[in-house]
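[1] Mind folding the following:
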Amino acid sequence: MGGVYPSTQPDIAIRSDADYLVLGEGELVLDELLAHHAAPDAVPLPSSVVSRTDPEGGNQKRHAYVKKIDELPLPARDLIPFAQYAETSQRYRVGGWPTASILTSRGCPFDCEFCSVHPVCGYQWRPRSVVKVLEEIDELTAEHRINNLEIEDDNFTLKRDRAVGILEGIIERNSRSNRPIYWAAFNGLRIDTLDEKIMATIARSNCLNIALALEHGDEEMLGIMNKKLDLAKVVEVVRLLQKFNIASTIFVLYGYPGETRKRFENAVSFYRQLKQIAPRISFAFFAAQPYSPCPAS
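    Numbers count the residues shown, from 1 in each chain. From the prediction side, this is the model:
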């Protein structure tokens, strides 16, 4: 078992029927785990794997992260009936086009208090090159007839020139094809990485929607969350949404520890201000959900 659940709560996850937990990223670790499984006396258990036979050993485990993600091969989508796989997506054929998700980078250097990304992908931001990303897009369009991309990065626009390079590649491909590529960023972009240049490029690149990770409309609450975001920058970016006619969903957390009635009302006033600036934007509200270890059985 790998991913968010075992990487964030291994002490609980190891009580499941899984034989092993992989903490962090598993592509390279899986090779080592298979070698250990084949010859347990000769090959040690990888340092980021927890075994059900030694659950307490998980306390000494280190999460594994792939340092050079450009060296990983493209996803082996040919090993599954991909058309059938695509049909299971909840967002299948958004706007009428077959959909696939794509990751162009991993990790996040920020430290928002509520986020689970670091146990899974770490603090170091590791981008794939523009060339490699466009190679995957070409494979998706040519081999799988996909032309609606969902960019799932936690920080797609952290380096603006790189993001612009990817989007310019999409624009160039659209200029010579009668089956244009569309894309969306439903996982959320960090607002203070956006400026007029990248927003203009987004507008030209057949973007269906970008989610913006605001989280709260009160400055004090943003400080409590360790979000490190200036609300003046948020207003600036929302004005750019309106200027370039970009559809957007803004993420908001409510019920977060430290939220008072006054802070909540300040936030609501701010959301109304944003809606007046850009009437097309929508808001996605999420109740803060704490997770705590369940008692030992």
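
[2] Please make it C-alpha for all contacts and neighbour counts, starting now.
    Will do.

[3] Contacts for the helix or strand bottoming out on mean pLDDT in the chain, please.
    Every helix and strand in the chain was compared by mean pLDDT, DSSP states H and E; the lowest is helix 82-87, with a mean of 79. With contact meaning CA atoms under 8 Å, 6 or more residues apart in numbering, helix 82-87 is reached by 92, 98-100, 144.

[4] got it, and stretch 36-45?
    So stretch 36-45 is contacted by 32-33, 35, 46 (CA under 8 Å, 6+ apart).

[5] Just the pLDDT at Gly255, thanks.
    Per-residue confidence (pLDDT) for Gly255: 95.

[6] List phi and psi for it.
    Taking degrees, to the nearest 10, you get phi 80, psi 20 for the backbone angles of Gly255.

[7] Could you give the number of residues near it?
    For Gly255, the count of nearby residues is 12 (other CA atoms under 10 Å).

[8] I figured it hits Ala287, correct?
    Yes. Between Gly255 and Ala287 a contact is recorded at 5.8 Å, counting by CA atoms under 8 Å.

[9] looking only at pLDDT, what's the mean for the very next helix or strand once past the least confident helix or strand of the chain?
    From helix 82-87 onward toward the C-terminus, using DSSP states H and E, the following helix or strand is strand 99-102. Along strand 99-102, the predicted confidence averages to a pLDDT of 90.

[10] Setting the sequence-adjacent residues aside, check what's closest to Gly165.
    Counting by CA to CA, 6 or more residues apart in numbering, Gly165 lies nearest to Val130, which is 6.3 Å off, once chain neighbours are set aside.

[11] Tell me how the chain divides into domains.
    The record, using automatic domain parsing to delimit domains, assigns the chain the ranges 4-60, 69-287.

[12] Now do the first one: distance from first to last residue.
    Criterion CA to CA, to the nearest Å; first-to-last residue distance in domain 4-60 is 18 Å.

[13] Next: the last one.
    Taking CA to CA, the span from the opening residue of domain 69-287 to its closing residue is 34 Å.

[14] roughly how far out does that domain sit from the chain middle?
    Averaging C-alpha coordinates over domain 69-287 and over its chain gives two centres that are 8 Å apart (CA atoms, centre = their mean, to the nearest Å).

[15] same deal with the first one?
    Centroid separation for domain 4-60 versus its chain: 24 Å, with CA atoms, centre = their mean.

[16] cool, and stretch 60-75?
    Here the centre of mass of C-alpha atoms in stretch 60-75, compared against the chain's by CA atoms, centre = their mean, lies 16 Å away.

[17] got the buried residues for that stretch?
    Residues 61-66, 69-70 are the ones in stretch 60-75 that count as buried (16 or more other CA atoms under 10 Å).

[18] now, which of these sits nearest Thr260?
    Lowest distance from Thr260 to these (CA to CA) belongs to His63, with 36.3 Å.

[19] And the helices in the stretch 151-297 of the chain?
    Taking DSSP state H, counting those that start in this stretch, the helices of the stretch 151-297 of the chain run over residues 160-175, 196-204, 219-224, 231-244, 261-277.

[20] for those, which one sits closest to Ser7?
    Closest to Ser7 of the helices of the stretch 151-297 of the chain is helix 219-224 (CA to CA; 24.5 Å).

[21] Just the CA atoms of that closest one, as CSV, please.
    Once non-C-alpha atoms are left out, helix 219-224 reads as follows in CSV (Å, rounded to 0.1, in the frame of the first residue of the first chain):
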residue,chain,number,x,y,z
GLU,A,219,-5.3,37.8,6.9
GLU,A,220,-5.1,36.5,10.5
MET,A,221,-6.5,33.1,9.5
LEU,A,222,-3.9,32.8,6.7
GLY,A,223,-1.2,33.5,9.3
ILE,A,224,-2.6,30.8,11.6
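
[22] List of residues touching that helix?
    The contact list for helix 219-224 (CA under 8 Å, 6+ apart) reads 215-216, 228-231, 258-259, 263.

[23] Filter the residues you listed down to the buried ones and hand me the ChimeraX line.
    This is the ChimeraX syntax for the buried subset of the contacts of helix 219-224, where burial follows 16+ other CA under 10 Å:
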select :215,216,229,230,231,259,263
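
[24] between the contacts of helix 219-224, which is closest to Gly2?
    Distance to Gly2, by CA to CA, is smallest for Glu215 among the contacts of helix 219-224, at 27.1 Å.

[25] Give the bridge partners for that closest one, please.
    Listed beta-bridge partners, Glu215: Val252 (assigned using DSSP bridges).

[26] hang on, isn't it packed against Val252?
    Yes. The pair Glu215 / Val252 is scored as a contact, 4.0 Å apart, by CA under 8 Å.

[27] can I assume Ser105 is in contact with Asn155?
    Yes. Using CA under 8 Å, Ser105 is in contact with Asn155, at 7.2 Å.
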